[in-house]
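In: Have a look; sequence and predicted model below, questions after that.
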Amino acid sequence: MKMVDIVIKGHNVRIAFDENSIHIYNAFQIKEDLKLRGYRFDPEKKTWYVNPSDVEKELDTLNSGISGVKTVTKPRGKSLLIEKGETELPESYSVIELRNNIERALNTSIPGKIWIRGVIASEIKNYKWFSYFDLKDEDENLDIHFNVEARSSNIKKVTGKLKKSGVAELLEKELPVFILASLKVSLKSKVDVRIELLDIMPEYTRSKIKSKLDITIEKLKKEKLYDLQKDLTLPKLIKNIALITSEQGTSIRDIMAGIHPNEKRFNIFFTDSRMEGANAVTSVVRSIEFFENHPSLKFDCIVIARGGGSEQSLSVFNEYEICKKVCLTKIPVITAIGHEKDLSAVELCSFFTPTPSTPSGIGKFFSQGFNMQSDILGELLGRIMLRFSIIHRGETEKVNSFLSHIPVILNAVIRSLKERLANRVRQVEDHVFYSLKQSASKIKFVTDSMLNKSSENIISEKERVKVTNKRIADLVKARSNFEDTILKKSILRIDLSGRKREIGALIRNVTNKYREIVNTGSRVISSEETKVNMYKDYAESNDPQRILERGFTLTLDENNKPLTSLEVFKESEQKKIRFFDGEIFVKEREK
């Protein structure tokens, strides 16, 4: 098409024409006049067009001016409005002519289509026919940008390429792009140089995102922060979990589905955080600081979770600020970001992240860890019960042996007491006999001395003998009473019934202690048997054979080890599938 610039009713317009049609740009102010002449609006090209029977005649009509104002046209868009009685000003331009000359100079210096690198600097403004955004330089220190416009058809094509490559879902702010474009000068009231988007190269965007990951990791290694998480210890039995994710995402549901049926075994503390966009970095860092400085709770680990998405939406986890905070925190960090194929810098920094590092995979990791610790605890409990049973049996045998020896001990004690009593009685008898014998000797001595005295003293002596005999009798009687008293007191000291009562009380205490030990042991054994039965039922419910009977199969290698992934399956030389009632071997079909 050929292009000319003219003035109609005081308004600058551009006309493009060929042999069959005429298209008028920037004709909003004169649209009513054009409608009367049969012109129609083309929303895609933003022009008023007509298909006249005689194109040259219609151009002459437009050139003469609809309102009678004469217009002079010049080649390549240079035109001047000539009023009656005036002459053309040499080397002077109107605003539209200046704009057209700038466009010609731009097209001459940068002809055709060009590739432009940059970063989207604003939100995309989408309208019915066109979309608009700003494009800035890759250097963050340069505050330079161009206005970019794109037709709806081109936006649809570019978005489709980004989605197909998995780089991004759509054009968005802070997305690095490499676009095919053409330069144009705006036809609107404000003249500016614009970039018209035609196509995009998604591979460039992917390489920039990958480069950002490498730069972040290299910087962390240089600052000796990259391996700090390795110095921490993740508890074997995890209880308190700090979860950082978006409330609007599916990560919470996926993690809970993976933890099932052990949801009640964990305390999960959740904080809502932005997982993409401009404020995501600050939001995630503040969430980590919140859990680090919590006044009353101590967390076993921090989980940063985000569902699947494009590489651009996940690129926030390549940011240096987030990775540095993860490395410096004193709480073990586990990441669950994107799909299994997605890799981010923050995942490389979190040493404890398992495989697969997806929200559902992390949930299964927690659940399997709890089941493993439960199995270990059950095994230890079984050992404790076995040891307790052995100790209980030994102690019971000792108590029974002790009780069986009590009668023998009592008999020995009673026999010893009887012997001591008999010895005491003999000692008393010997003492009484000796005392009586000594008294008799004294009496005989006194009697003999009295007989040897003279007869004249017989009467007086008899009186004296009587007195003496009386005294001796009283003395013997007193002595006899004294010995009887000592004997009675000695006998009273030997209280056989008291000894018997003490022995009976000892037997009762020993019996009660035995019964108490037996009852306590029975209660402990009953309680532990209940727990063992519970763990037994749980183990039976998770028995691999039971699982096979429900319709599942198990793929094994030549060493009967499970094949858990396609890669391991391909590497295994011999494979077999186990059903609940047998096994079959698998052979690869020759290609």
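Out: Right, received. Where do you want to start? Numbering: from 1, shown residues only.
In: residue contacts, residue 227?
Out: residue 351 (CB atoms under 8 Å, 6 or more residues apart in numbering). Every C-beta, even on glycine, is put in place using the N, C-alpha and C of the backbone.
In: how much space between it and residue 350?
Out: 12 Å (CB to CB, to the nearest Å).
In: pretty sure residue 94 contacts residue 12?
Out: Yes. With contact defined as CB atoms under 8 Å, residue 94 counts as touching residue 12 (7.3 Å).
In: more neighbours, those two?
Out: The residue with more neighbours, out of residue 94 and residue 12, is residue 12; 21 against 16, by other CB atoms under 10 Å.
In: Next, count neighbours for residue 315.
Out: 25.
In: Break this protein into its domains for me.
Out: Residue ranges of the domains in the chain are recorded as 2-100, 110-200, 212-357, 382-522, 545-586, according to automatic domain parsing.
In: so which of these is the most packed in?
Out: Stretch with highest mean neighbour count among those: domain 212-357 (a mean of 18; mean count of other CB atoms under 10 Å).
In: What's the mean pLDDT across that one?
Out: For domain 212-357, mean pLDDT rounds to 88.
In: next one: stretch 41-48
Out: Averaged over stretch 41-48, pLDDT sits at 85.
In: what about it, how long is it end to end?
Out: 4 Å (CA to CA, to the nearest Å).
In: Pull the distance from it to the chain's centre.
Out: Distance of stretch 41-48 from the chain centroid (CA atoms, centre = their mean, to the nearest Å) equals 57 Å.
In: Repeat that for stretch 382-400.
Out: 42 Å.
In: pull the CA atoms of that stretch into PDB?
Out: Once non-C-alpha atoms are left out, stretch 382-400 reads as follows in PDB (Å, rounded to 0.1, in the frame of the first residue of the first chain):
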ATOM      1  CA  GLY A 382       9.000 -56.200  73.100                       C
ATOM      2  CA  ARG A 383      12.600 -56.500  74.300                       C
ATOM      3  CA  ILE A 384      11.700 -54.700  77.500                       C
ATOM      4  CA  MET A 385       8.700 -57.000  78.100                       C
ATOM      5  CA  LEU A 386      10.800 -60.100  77.500                       C
ATOM      6  CA  ARG A 387      13.500 -58.800  79.900                       C
ATOM      7  CA  PHE A 388      10.800 -57.900  82.500                       C
ATOM      8  CA  SER A 389       9.300 -61.300  82.200                       C
ATOM      9  CA  ILE A 390      12.700 -62.900  82.800                       C
ATOM     10  CA  ILE A 391      13.400 -60.700  85.800                       C
ATOM     11  CA  HIS A 392       9.800 -61.200  87.100                       C
ATOM     12  CA  ARG A 393      10.200 -65.000  86.900                       C
ATOM     13  CA  GLY A 394      13.600 -64.900  88.600                       C
ATOM     14  CA  GLU A 395      12.300 -62.600  91.400                       C
ATOM     15  CA  THR A 396       9.200 -64.800  91.800                       C
ATOM     16  CA  GLU A 397      11.400 -67.900  92.200                       C
ATOM     17  CA  LYS A 398      13.500 -66.000  94.800                       C
ATOM     18  CA  VAL A 399      10.300 -65.100  96.800                       C
ATOM     19  CA  ASN A 400       8.900 -68.600  96.700                       C
END
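In: thinking again about what came up before, among the domains of the chain, which is nearest residue 369?
Out: Counting by CB to CB, residue 369 lies closest to domain 212-357 out of these; the figure is 6.3 Å.
In: Report all helices and strands that the lengthiest helix in the chain contacts.
Out: Counting by DSSP state H, the longest helix found in the chain is helix 359-451. Counting contacts by 3 or more CB pairs under 8 Å, 6 or more residues apart in numbering; DSSP states H and E, helix 359-451 packs against helix 251-259, strand 301-306, strand 333-337, helix 458-493, helix 496-541.
In: mean pLDDT for these: which is lowest?
Out: The stretch with the lowest mean pLDDT among these is helix 458-493, at a mean of 64.
In: If the closest residue to residue 585 other than its chain neighbours is in a bridge, with which residues?
Out: Spatially, and ignoring its direct neighbours in sequence, residue 585 is nearest to residue 576 (4.7 Å; CB to CB, 6 or more residues apart in numbering). Using DSSP bridges, the bridge partners assigned to residue 576 are residue 556, residue 585.
In: Surely residue 576 and residue 582 touch.
Out: No. Contact criterion CB under 8 Å: residue 576 and residue 582 do not qualify, at 10.1 Å.
In: So residue 132 is in contact with residue 148, correct?
Out: Yes. Using CB under 8 Å, residue 132 is in contact with residue 148, at 6.9 Å.
In: All good on my end, thank you.
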